[in-house]
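Visitor: Output the structure for:
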Amino acid sequence: MSEVVKYQQQKQELDYFRTLAGVASKGGTHNMAPETLMNIMLTAKDLGISPMKAINGGFYVVNGKISMSTALMADRIRKEGHSIRIPEWTSQKCVILGVRKDNGDSVKFEFTMEDAQAAGLTSSPTWKKFPKQMLYNRAMSTMARVLFPDVVGNAYSEDEKWDIMNVPPEKRPVEDPDAIEINTQAQVSNEEPVLIGSPMETLKEHLSVDNISVEFLEQYLQDLSEKKKQPIDRIIESALQPVLLPRFKESYRKELAKHSELAEQAM
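Guide: This next block holds a predicted model:
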């Protein structure tokens, strides 16, 4: 390919992103300037993520730094064929082991409540309310940056964004790290989910592809239904949205880990 043709292709792609960013910024649901949206798209392109997925969820901007949620980090790492295991996960410590499929390199990283206290994080309302989930987020984001930078880039967890912004822990808002948002019309992605059966069967298939057990899925959906005061079919509809599916998978994985922990304690 000649340099002229290469330049023309790059220019066409940039023009496409610029146009898409302009349309999205006027849609009223992103609340970001076209330049910021375009920056997100270009970052996502380097990581092999479609532009619409990038600007509709999973990425956020803090002080000019673009990052992704820990749910999207874990989802992308596993999709690349790499391994993530959680040998220990309690309200006091989270240990995450990552192993690369290409060369076998591995990293074992742990984050404890002692680490959180030393960093001054435990005065945060979210840390007080969701210590176990927050330990996971910190361990996951650090392990991902160290072992899988080619997959997640220089990504930071949702909680770390407040560190970047220098917001004191006690002044940070309460954020449910396991929240599964129920879509309103304004939130629905332009990418419609592809159904391969009933919505429930489709959701189970998506989980099975990633070797996630569906044994407790119906109970998990029932619990979400009661918590969100929404019908189960609405929750499934939201979970199947391409933008929200990675977060649903990771939240369900956490629920499975809790079941396994309780089962081990009962033995």
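
Visitor: isn't there a strand covering Val61?
Guide: Yes - counting by DSSP: H, G, I helix; E, B strand; the rest coil, Val61 is found in a strand.

Visitor: so it makes contact with Glu35?
Guide: No - Val61 is beyond contact range of Glu35, at 10.6 Å (criterion: Cβ atoms under 8 Å). Bear in mind the C-beta positions are built from the backbone N, C-alpha and C, glycine included.

Visitor: Pick out whichever of the two has more residues nearby.
Guide: The neighbour count for Val61 versus Glu35, taken as other Cβ atoms under 10 Å, is higher for Val61 (16 against 12).

Visitor: Next up, phi/psi of the closest residue to Met140 other than its chain neighbours, please.
Guide: Nearest residue to Met140, sequence neighbours excluded (Cβ to Cβ, 6 or more residues apart in numbering): Thr70, at 4.6 Å. Thr70 adopts backbone torsions of phi -70, psi -30, taken as degrees, to the nearest 10.

Visitor: got the contact list for Thr70?
Guide: Counting by Cβ atoms under 8 Å, 6 or more residues apart in numbering, Thr70 touches Tyr136, Asn137, Met140, Ser141, Ala144, Ser157, Glu158, Pro177, Glu250.

Visitor: How many residues are close by the third one?
Guide: This points to Met140. Met140 sits with 27 neighbouring residues when counted by other Cβ under 10 Å.

Visitor: and what of the last one?
Guide: Glu250 is surrounded by 22 other residues when neighbours are defined as other Cβ under 10 Å.

Visitor: contacting residues around the closest residue to it other than its chain neighbours?
Guide: Spatial nearest neighbour of Glu250, excluding adjacent residues (Cβ to Cβ, 6+ apart): Ala71 at 3.8 Å. If you count contacts by Cβ under 8 Å, 6+ apart, Ala71 has them with Gly58, Pro246, Arg247, Lys249, Glu250, Ser251.

Visitor: Which member of these is positioned nearest Asp115?
Guide: Glu250 (21.6 Å; Cβ to Cβ).

Visitor: which two from the contacts of Thr70 end up farthest apart in space?
Guide: For the contacts of Thr70, the farthest-apart pair by Cβ to Cβ is Ala144 and Pro177; their separation is 15.5 Å.

Visitor: Comparing those two, which residue is more hemmed in?
Guide: Using other Cβ under 10 Å, the more surrounded residue of Ala144 and Pro177 is Ala144, with 28 against 22.

Visitor: what residues are up against the more buried one?
Guide: Counting by Cβ under 8 Å, 6+ apart, Ala144 has contacts Thr70, Met73, Ala74, Ile77, Gly98, Val151, Val152, Ala155.

Visitor: Buried ones among these?
Guide: The neighbour count (16 or more other Cβ atoms under 10 Å) marks Thr70, Met73, Ala74, Ile77, Gly98, Val151, Val152, Ala155 as buried among the contacts of Ala144.

Visitor: can you redo these as TSV with distance to Thr202?
Guide: Output for the buried ones among the contacts of Ala144, formatted as TSV (distance: Cβ to Cβ, whole Å):
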residue	distance to Thr202
Thr70	24
Met73	24
Ala74	21
Ile77	23
Gly98	29
Val151	26
Val152	27
Ala155	28
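
Visitor: neighbours around the residue nearest to Trp162 when sequence neighbours are not counted, how many?
Guide: Distances taken as Cβ to Cβ, 6+ apart put Arg172 closest to Trp162, at 4.9 Å, once the chain neighbours are dropped. Residues lying near Arg172 (other Cβ under 10 Å) number 19.

Visitor: what's the answer for Lys171, then?
Guide: 10.

Visitor: how close does it get to Ser123?
Guide: Distance, Lys171 to Ser123, by Cβ to Cβ, to the nearest Å: 9 Å.

Visitor: sorry, back to before: and the residue nearest to Trp162, what are its phi and psi?
Guide: Per-residue torsions, Arg172: phi -80, psi 140 (degrees, to the nearest 10).

Visitor: how far away is it from Ile55?
Guide: Between Arg172 and Ile55 the distance is 25 Å, computed by Cβ to Cβ.
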